[in-house]
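# Predicted model, plus sequence, below.
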Amino acid sequence: MSTASMSTLTKLGIIAAVMLQGACSIQPWVKPYERDRLADPIMSWDRDVISGAYLDHIYESREGSRGGTGAAGGGCGCN
Amino acid sequence: MSKPFRIARLIVVGTFLLARPGGGAVLPDDRADIFYSDYKGGGMDITGESVLVRKKFSENFSVEANYFIDKVSGASIDVLSNASPIKDERKQKSLSFDYIHDKTQYNFSYTDSAERDYTSNTLHFSLSQDMFGDLTTITLGFSDSRDKVGENDGGDGLPGHPAPNVVWLGHAESRSYQAGLSQIVTKSLITGVTLEVITDEGYLANPYRSIRYVDPTAALGYSLASQVYPNTHTSTAVEGRAKYFLPYRAAASVSYRYFSDTWGVRGNTVELGYTQPISNLWILEGRLRHYSQNHATFYSDLFPYADSQNFVARDQDLAAQSNNTIGFKATYAFLPDGWKIFKRGTASLDVSRIQFKYGDFRDNKDYNDTPAGGNYAPGNEPLYSFGATVYQIYLSMFF
């Protein structure tokens, strides 16, 4: 391994270490006791999972698009 | 007859990627759900019934079981042009396990779906990790499906109808790779992004649909032939979404999804939602959704002649199209003080109206396929459109 590539690796290692250190030191800007609104059931993305998945299926059966909605899958409703 | 719903797998993935707005690895509540749905539109009537039970066996382990049965009667427009409408049903069973260790949640599930002419088995695994003070949740998932595809060229076997005669045509394999990120931005705002790549290989065409091509020797001016699809398909979908808690206890949401695949389809989906609780008894919700796409590269409503290209399709879902949805849901909470083993219950009614419009799929059913028709030359029939209404009623008991 050349000196140049060693140097690059060392730099990348230092950057990664600094980033990891930074990540560890991130303080949550929304404290746990400040999350009452987010914990309200009306803030759930999908409170009724059968219903949400069923509607997704209806769309996937008739559209060319599929997936990405957090409820992935296929379907065609061939009849 | 119809590609399986895979609803149980959808439920598992959906639960993982979406239903944890507050952050922190916590198993969802124990619950039991009874679900009934009815879809009417485009000549089809589909009813669905489902039961779901989820139970925690400790603070870090839970099991979920789901049974779904749907019954189809009628037939869509393109099936009517070359087949008889019949009745069919599909039964799906799934079992899902969740395990939490520290800030990581693991999920494993198995789904089995069976109908007369289509079987499917799906394995799913995902893990979800909370980080940065539980403001951020990252989810990675993988699913593997093995399907067996057949065609019933007999009847539905009901009294007075011909017996079924299923011819198995081939297999299809599907793998799905999912990555999701949920991010708490402020005390009132949560956002998320999901990426999903799906690859399929095998028999991917719908055997019940046909192409049509110009044929001057035919009485109708065209003839029908089998669809020929590529045997591979890869798609990528990215969705971003945000939900905001309004100052007077209500919520507004928005999402956008971009889709592209190796068959040339590009799709855009926009959805808006609004949630308004009334006292502690009712939650009212409304949603608007718009979708549009172009057609697949090998799709045509009318091919110029037989065998005009290697791959040919005239499947509605590969046509240029758009649709709009308006939906309302009302949820009523009861047993606020609990009863026996139950802590509380909810009953919900959801009604959606969807209007579908096609840009290059024509309605030839009532014009050229019957002797009384024929006012339109092939390729000049009116563009197809239809409306569908979806009812959902369900009862959820939490314990």
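Arrived safely, thanks for sending. Numbering: from 1, shown residues only, chains lettered A, B, ... in the order given.
# Report the secondary structure state of residue B:110.
Here residue B:110 is recorded as strand under DSSP: H, G, I helix; E, B strand; the rest coil.
# Can you pull the residues of the stretch 101-250 of chain B lying near chain A?
Within reach of chain A by Cβ under 8 Å from any Cβ of the partner chain, the stretch 101-250 of chain B has these residues: B:131-135, B:141, B:143, B:174, B:176, B:178, B:180, B:184, B:186-188, B:190, B:192, B:194-198, B:200, B:206-209, B:235, B:237-239, B:241, B:243, B:245, B:249-250. (C-beta placed from N, C-alpha, C; glycine too.)
# where in chain B is pLDDT low?
Within chain B, the segments meeting pLDDT under 70 span B:1-25, B:75-86, B:366-374.
# okay, and for chain A, where does confidence drop off?
For chain A (pLDDT under 70), the answer is A:1-9, A:11-12, A:15-26, A:70-79.
# now the helices for it?
Ranges of helices in chain A, per DSSP state H, are A:3-25, A:36-39, A:49-62.
# And the buried ones among the residues of the stretch 101-250 of chain B next to chain A, selectable in ChimeraX?
This is the ChimeraX syntax for the buried subset of these, where burial follows 16 or more other Cβ atoms under 10 Å in any protein chain shown:
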select /B:132,133,134,135,141,143,174,176,178,180,184,188,190,192,194,196,197,198,200,206,207,208,209,235,237,238,239,241,243,245
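# Just the residues of the stretch 101-250 of chain B next to chain A: which are in strands?
Among these, DSSP state E puts B:131, B:141, B:143, B:174, B:176, B:178, B:180, B:184, B:190, B:192, B:194-198, B:200, B:235, B:237-239, B:241, B:243, B:245, B:250 in strands.
# Which parts of chain B are helices?
Using DSSP H, the helices of chain B run over B:7-18, B:77-80.
# And the contacts of stretch B:334-352?
For stretch B:334-352, the external contacting residues (Cβ atoms under 8 Å, 6 or more residues apart in numbering or on different chains) are A:48, A:51, A:55, B:280, B:325-333, B:389-399.
# could you redo the last one with a cut-off of 7 Å?
Stretch B:334-352 is contacted from outside by A:48, A:51, A:55, B:325, B:327-333, B:390-399, using Cβ atoms under 7 Å, 6 or more residues apart in numbering or on different chains.
# From these, list just the buried residues.
In the contacts of stretch B:334-352, the ones that pass as buried (16+ other Cβ under 10 Å) are A:48, A:51, A:55, B:325, B:327, B:329, B:331, B:333, B:390, B:392, B:394, B:396-399.
# out of these, what pair is the most spread apart?
Longest distance between any two of the buried ones among the contacts of stretch B:334-352 is 33.3 Å, between B:325 and B:399; criterion Cβ to Cβ.
# Check the spacing between residue B:332 and chain A real quick.
13 Å (Cβ to the nearest Cβ, to the nearest Å).
# Bridging across strands, which residues link to that residue?
Beta-bridge pairing for residue B:332 (DSSP bridges): residue B:282, residue B:347.
# Report the separation between it and residue B:223.
Residue B:332 sits 55 Å away from residue B:223, going by Cβ to Cβ, to the nearest Å.
# centre of the chain versus stretch B:215-223, how much separation?
Counting by Cα atoms, centre = their mean, to the nearest Å, stretch B:215-223 is centred 36 Å from the centre of its parent chain.
# isn't residue B:305 right up against residue B:214?
Yes - with contacts counted by Cβ atoms under 7 Å, residue B:305 reaches residue B:214, the gap being 6.2 Å.
# Show me which of those two is the more surrounded one.
Between residue B:305 and residue B:214, residue B:214 has the larger neighbour count (other Cβ atoms under 10 Å in any protein chain shown), namely 17 against 10.
# Residue of the stretch 51-200 of chain B closest to chain A, please.
residue B:133 (2.6 Å; Cβ to the nearest Cβ).
# out of everything not next to it in sequence, what's closest to that residue?
Leaving out its chain neighbours, the residue that sits closest to residue B:133 by Cβ to Cβ, 6 or more residues apart in numbering or on different chains is residue A:28, at 2.6 Å.
# Can you report how many residues lie near that neighbour?
There are 15 residues near residue A:28, going by other Cβ under 10 Å.
# For it, give me its contacts.
Taking Cβ under 7 Å, 6+ apart, we find residue A:28 in contact with B:132, B:133, B:134, B:135.
# ok, and the closest non-adjacent residue to residue 51?
Let's take chain A. Nearest to residue A:51 is residue B:392, by Cβ to Cβ, 6+ apart, at 5.4 Å.
# think we crossed wires, I meant chain B
Residue B:51 sits nearest to residue B:67 (Cβ to Cβ, 6+ apart), 5.1 Å away.
# Next, the contact list for the one you found, please.
Neighbours of residue B:67 in contact, by Cβ under 7 Å, 6+ apart: B:50, B:51, B:93.
# Give the bridge partners for the second one, please.
It refers to residue B:51. residue B:34, residue B:67.
# Can you report how many residues neighbour it?
Residue B:51 has 14 nearby residues by other Cβ under 10 Å.
# near chain A, which residues of the stretch 251-399 of chain B?
When proximity is defined by Cβ under 7 Å from any Cβ of the partner chain, the stretch 251-399 of chain B lies next to chain A at B:251, B:257, B:259, B:265, B:267, B:269, B:275, B:277, B:283, B:291, B:293, B:296, B:316-318, B:348, B:350, B:352, B:356, B:390, B:392, B:394.
# For residue B:361, give its distance to residue B:152.
Between residue B:361 and residue B:152 the distance is 24 Å, computed by Cβ to Cβ.
# Between the contacts of residue B:67, which sits nearest residue A:14?
Nearest to residue A:14 among the contacts of residue B:67, with distances taken as Cβ to Cβ, is residue B:93, at 53.2 Å.
# Kindly state the beta-bridge partners for the closest one.
Bridge pairing for residue B:93 - DSSP bridges - gives residue B:67, residue B:112.
# I figured it hits residue B:112, correct?
Yes - assessed by Cβ under 7 Å, residue B:93 is found in contact with residue B:112 at 5.2 Å.
# got the end-to-end distance for stretch B:253-271?
Criterion Cα to Cα, to the nearest Å; first-to-last residue distance in stretch B:253-271 is 8 Å.
# what comes into contact with it?
Residues contacting stretch B:253-271 (Cβ under 7 Å, 6+ apart): A:63-65, A:68-69, B:233-243, B:272-273, B:287, B:289-294, B:296-297, B:318.
# Now which of the residues you listed would you call buried?
Of the contacts of stretch B:253-271, these count as buried by 16+ other Cβ under 10 Å: A:63-65, A:68-69, B:233, B:235-239, B:241-243, B:273, B:287, B:289, B:291-294, B:296, B:318.
# If we go by neighbour counts, what in stretch B:376-386 is buried?
Buried, per 16+ other Cβ under 10 Å, within stretch B:376-386: B:376, B:378, B:379, B:381, B:384, B:386.
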